[in-house]
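Visitor: here are the coordinates; sequence isn't available:
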């Protein structure tokens, strides 16, 4: 089945549930950041912001704010700057059909990966988890409302959001076989399982594997901060960690302090007490979370022979490490379990950094100095350095990938000179 400008992909399977879009996805490559795309996204943003049910979910509202036309135009400008779009001699266009496998631990991720596909000028099939998440239902419902406007029908025709059970591998195999790019979110095990299914020779793959993140704070900066500044820091840290139960790959688990020991001790106490007060007010700590957190702590007590634990009731456990293990990426907590360590200087952490380390969140630390030292010392890990409070802010640059460029095809051309 062919259509002007593209080809329709036919998939007849009754066991697939289509949450949005059509079974026969039309593949119609477009230029990145096409005007019709950010017009749709701006309308979607406004529709979400006006939806009563959507307002109950902070991650949905964050997504809606990210979709604003002003932000998309800013991303376009950054993309053009990186890719020198004004230089004569090449044109970019979407690669075709993107097959996305969204993770099961961050419900809103499916929406961001879909938008990456749209912004890069591609048609998309997004496989979401078979777990039921209200966020997915809400966004799909609002998208259906927006595409009722005739100018946005293309979104419905060229994209699909699907779900099917884990044991129905034949669908993953099929979508892998027909796609031009496969994007896998969800960790090392998921990647290994999906890679059993081959891609076409010209198809490519982007994988978002298991990652690890940490934070570095200046004790001097915390001590000289005002009471209101420390309260705000605690709220920002809460948003980075507790909002996702520390499941997000960019949420810090290890908290490092820089400064004299006496300063670090005082700053740490101020910081964790403020975090505790925020948690006590906001965090819904179910019994099962307490049980799992305590189990993790017991297992760590066996593995690590030098640790000191401080509890702020059940909402916050802080494990104070006397030394770091060789593999810091094993220091993972959940539901308010964190690890703390004193560094003499920032570069002391580098010997523990490997390719799994993604985000470094900072407070009171010189950003320029860190960036320069990462490159000067040839560090293989750390793809992001952001202020505390910004670790969950997703971008088109993620895990070291320029995602829009990775999903685009470059057409090189030269003028023909007739003599």
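Guide: Here it is on my side, so go on. Note that this is a predicted model, so its numbers are computed, not measured.
Visitor: List the contacts of the closest residue to residue 203 other than its chain neighbours.
Guide: Excluding its sequence neighbours, the residue lying closest to residue 203 (C-beta to C-beta, 6 or more residues apart in numbering) is residue 180, at 5.5 Å. Just so you know, the C-beta spots here come from the backbone N, C-alpha and C atoms, and that holds for glycine as well. Residues counted as contacts of residue 180 (C-beta atoms under 8 Å, 6 or more residues apart in numbering) are 95, 96, 97, 98, 122, 200, 202, 203, 204.
Visitor: how much space between residue 180 and residue 16?
Guide: Separation of residue 180 from residue 16 (C-beta to C-beta, to the nearest Å) stands at 20 Å.
Visitor: about what we covered before: which members of the contacts of residue 180 are classed as buried?
Guide: 95, 96, 97, 98, 122, 203 (16 or more other C-beta atoms under 10 Å).
Visitor: Among the residues you listed, which one lies nearest to residue 72?
Guide: residue 122 (15.8 Å; C-beta to C-beta).
Visitor: Go ahead and confirm that closest one touches residue 94.
Guide: Yes: under the criterion of C-beta atoms under 8 Å, residue 122 makes contact with residue 94 at 3.9 Å.
Visitor: between those two, what contacts are shared?
Guide: 29, 30, 407.
Visitor: Out of those residues, grab the one that's most surrounded.
Guide: Within those, most neighbours by other C-beta atoms under 10 Å means residue 407, with 28 neighbours.
Visitor: Quick one: residues contacting that one.
Guide: 94, 95, 98, 116, 117, 120, 121, 122, 181, 206.
Visitor: Tell me the predicted confidence for the residue nearest to residue 165 when sequence neighbours are not counted.
Guide: Sequence neighbours aside, residue 130 is the residue nearest to residue 165 in space, at 5.3 Å (criterion: C-beta to C-beta, 6+ apart). Note for residue 130: predicted pLDDT of 84.
Visitor: Isn't residue 130 up against residue 164?
Guide: Yes: with contact defined as C-beta under 8 Å, residue 130 reaches residue 164; the gap is 6.8 Å.
Visitor: give me the number of residues near the nearest residue to residue 402 once chain neighbours are set aside?
Guide: Leaving aside its chain neighbours, residue 402 sits nearest to residue 82 (6.6 Å; criterion: C-beta to C-beta, 6+ apart). Neighbourhood size, residue 82 [other C-beta under 10 Å]: 13.
Visitor: Now do the SS call for residue 82.
Guide: What DSSP: H, G, I helix; E, B strand; the rest coil gives for residue 82 is helix.
Visitor: What of residue 121?
Guide: Under three-state DSSP, residue 121 falls in the coil class.
Visitor: how far away is it from residue 74?
Guide: Plainly put, residue 121 is 18 Å away from residue 74 if you go by C-beta to C-beta.
Visitor: okay, those two: which has more neighbours?
Guide: residue 121 (23 against 11).
Visitor: ok, now which ones touch the more buried one?
Guide: Per C-beta under 8 Å, 6+ apart, neighbours of residue 121: 29, 30, 31, 32, 34, 37, 92, 93, 94, 407, 408.
Visitor: Which among the residues you listed count as buried?
Guide: Buried among the contacts of residue 121 by 16+ other C-beta under 10 Å: 29, 30, 32, 34, 37, 92, 93, 94, 407, 408.
Visitor: Might you report the residue contacts of the third one?
Guide: Taking C-beta under 8 Å, 6+ apart as the definition of contact, the neighbours of residue 32 are 76, 79, 92, 93, 94, 119, 120, 121, 404, 408.
Visitor: okay if I get the residues you listed as CSV plus pLDDT?
Guide: Converted to CSV, these look like this (pLDDT from 0 to 100):
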residue, pLDDT
76, 92
79, 89
92, 91
93, 94
94, 96
119, 97
120, 96
121, 96
404, 95
408, 95
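Visitor: In strands only, show me those residues.
Guide: 92, 93, 94, 408 (DSSP state E).
Visitor: Just the closest of those residues to residue 236, please.
Guide: Checking those one by one against residue 236 (C-beta to C-beta), the nearest turns out to be residue 408, at 34.2 Å.
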